[in-house]
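[1] Return atomic coordinates for the entry below.
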Amino acid sequence: ARPGGRMARAEPPAATFERRVLRSAAEHHYLRVRLELPDGGARPSVAQFKQLVVSALRELHGEVGAALPVDVLTYEEKTLSAILRVVSSGLVKLWSALTLLGFYQNRRCAFRVLQTSPFLLALSGNSRELVLD
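    Residues are numbered from 1 along each chain as shown. Purely as a prediction, here's the structure:
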């Protein structure tokens, strides 16, 4: 008690901040990618497209990278775009390998990663490509 009969007021505890980083618990990640071939020429089939992805992984990460399980869920030969599925732990390896790939059959090429998500449904529609009447 303080002089004058008043009770001592307890000071509120100092604010503490805790930083939490949440990692996705998703087993897979999905990437919407497009292959750009500025020279034109023959377009890869789905099997050749998959082989190109595997060779990009092998080129950057060796045999261990080439063993990374990557699935081509959809592939559109007309637009050279695909949806790839990779185990979440291999997302960075796949993305980096695709980004650094520069040639397909001695022709210049580039992979563009358009979207990525741990949820396949998120890639089903892109609001940026929405056409309103």
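[2] What lies in contact with the longest helix belonging to the chain?
    Using DSSP state H to assign secondary structure, the helix with the most residues in the chain is helix 46-66. For helix 46-66, contacts defined as C-beta atoms under 8 Å, 6 or more residues apart in numbering pick out 35, 44, 68, 70, 72, 75, 77, 80, 82, 84, 93-94, 96-98, 100-101, 104, 111. In this view, the C-beta of every residue, glycine as well, is placed from N, C-alpha and C.
[3] please redo it, this time with the cut-off set to 7 Å
    Helix 46-66 has contacts (C-beta atoms under 7 Å, 6 or more residues apart in numbering) with 44, 68, 70, 72, 75, 82, 84, 93-94, 96-98, 100-101, 104.
[4] Which element, helix or strand, includes the most centrally placed residue in the chain?
    By C-alpha atoms, centre = their mean, the chain has its centre lying nearest to Thr116, at 4.0 Å. With elements taken from DSSP states H and E, the one containing Thr116 is strand 110-117.
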